[in-house]
Each structure stands twice: as structure tokens, then as C-alpha cells.
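Enquirer: Predicted structure and sequence below. I'll ask about it afterward.
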Amino acid sequence: MSSTPTTTTPPAVAAEETDGEELLARVARQLGRVPNLYAALASGPAALEGYLAMRDHLTRGVLPPRLREQLALLIAQENECTYCVSAHSFRGGLIGLTEQELRATRDGHDADPHTDAVLGLARAILRTRGRVAEPDRAAARAAGVTEAEQAEIVAHIALNTLSNYYNHLARPELDFPEVQA
């Protein structure tokens, strides 16, 4: 007795209809203004909503704000995104990173050994597309980088690569002091 496989259609998921204007109003409330990247990304409300949801969830993760900002800056540098290098250099300055610390971050380094290991691992992930050699992972673990942090590093790479690549494509006008990637 043979059975014929049946296909079932998954139940329809009710999609929230959110337009770009509602999302931009939320951004303005959160950031005090709407950076041009967000305004450009609002042309695809689903893309902006997904970006904002991931960003918001990652703020509740294990990585502290300063390190998240450093990751965003490093990722922008690695992806050669002048818009995001400029934005994250500006934001980094607002949270207390010195010019020397901003430059070191862009080079994948920090004076703190744990932060240095996180940045080094992130750079290795970017440069190898996630195929990091085991000795590099072991060195990160030896410096105290946890599995949870590793997962969030990859998530931050995904989030920031989305904004970096969209900036390359959309070319929004730079609304931060320019810092060349």
C-alpha cells in the first residue's frame, strides 16, 4: 500500500499593514530625527520594519551599547560604507569614544582584551563569510567571548550589512560629518 504525499498550504498569516510614514514617525521618536538611510529604506516598508525589529531586539541582547556601536562601525568600515562609517563615528563620539578609539575600532582593535576579541572575531567572520578557523574561534573563547556573544556578533553583521549594502544601492545624501570608509 503506497501513500501519495499530500501537500498542504500553510495557513495565511495576517500581515500588519504598516506604511513607511508610520515607521519613520517611530524612528523620529526613537532617534530625535530621521536619518536619510531610514527615509530611503522606507520606500520598502517591509525592509525598514524588518531592519527596525532586528535592531530593537538586539538592543536587548548580551552585547552592551558601546560594543554594539563599535561593531556597527567596524562592519561599516569592512563593507566600505562611508555613510555608515560617518554615522557610527558620529554616534561613537556621542557615547564617549575618542578619535583614537574610533580609529582603532575601524581597524578591528580595542585596548580592552574582551572587546578586542569581539572585534577581531567580527572582522574574521566578515572576511571569511563565517568560515572562521577554529584557532581564531578558540582565541575568542579564551578571551571570554561567549556563544551568545558569537550569535549576536553574526546578527549584528547581518543587520549592519543590510544598511551598508542598501546605502551603496540607494546612495542617500550624507547627513553626518563625512568620514571616508
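Expert: Right, received. Where do you want to start?
Enquirer: separation between the closest residue to L48 other than its chain neighbours and L24?
Expert: Spatial nearest neighbour of L48, chain neighbours left out: L41 (4.4 Å); criterion: CB to CB, 6 or more residues apart in numbering. Any C-beta I mention is one placed from the backbone N, CA and C, and that applies to glycine too. For L41, the distance to L24 equals 9 Å [CB to CB, to the nearest Å].
Enquirer: For these two, work out which one has more neighbours and name it.
Expert: L41 (26 against 17; other CB atoms under 10 Å).
Enquirer: list the contacts for that one?
Expert: By CB atoms under 8 Å, 6 or more residues apart in numbering, the residues touching L41 are 47-48, 51, 163, 166, 170.
Enquirer: check contacts around the residue nearest to the spatial centre of the chain.
Expert: For the chain, N160 is the residue whose C-alpha lies nearest the centre (CA atoms, centre = their mean; 2.7 Å). Contact analysis of N160 by CB under 8 Å, 6+ apart lists 71-72, 75-76, 79, 84.
Enquirer: and the longest helix for the protein?
Expert: helix 147-170 (DSSP state H).
Enquirer: Adding neighbour count, write the contacts of L41 out as JSON lines.
Expert: Converted to JSON lines, the contacts of L41 look like this (neighbours: other CB atoms under 10 Å):
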{"residue": "A47", "neighbour count": "14"}
{"residue": "L48", "neighbour count": "23"}
{"residue": "Y51", "neighbour count": "19"}
{"residue": "S163", "neighbour count": "24"}
{"residue": "Y166", "neighbour count": "21"}
{"residue": "A170", "neighbour count": "15"}
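Enquirer: from the residues you listed, which single one is nearest V179?
Expert: S163 (15.6 Å; CB to CB).
Enquirer: Identify the residues contacting the closest residue to L159 other than its chain neighbours.
Expert: Distance criterion CB to CB, 6+ apart; nearest residue to L159, sequence neighbours excluded, is M54 at 5.1 Å. When contacts are counted by CB under 8 Å, 6+ apart, M54 touches 155, 158-159.
Enquirer: Now tabulate the residues you listed in TSV and tack on neighbour count.
Expert: Output for those, formatted as TSV (neighbours: other CB under 10 Å):
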residue	neighbour count
A155	17
A158	12
L159	21
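Enquirer: I'd like those written out as JSON lines, with pLDDT added.
Expert: Listed next are the contacts of M54 as JSON lines, based on pLDDT from 0 to 100:
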{"residue": "A155", "pLDDT": "98"}
{"residue": "A158", "pLDDT": "98"}
{"residue": "L159", "pLDDT": "98"}
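Enquirer: List just the nearest of those residues to G120.
Expert: A155 (17.6 Å).
Enquirer: Following the chain onward from the host helix or strand of Y83, which element is next?
Expert: For Y83, the element it lies in under DSSP states H and E is helix 82-94. As assigned by DSSP H and E, the chain's next helix or strand after helix 82-94 is helix 99-106.
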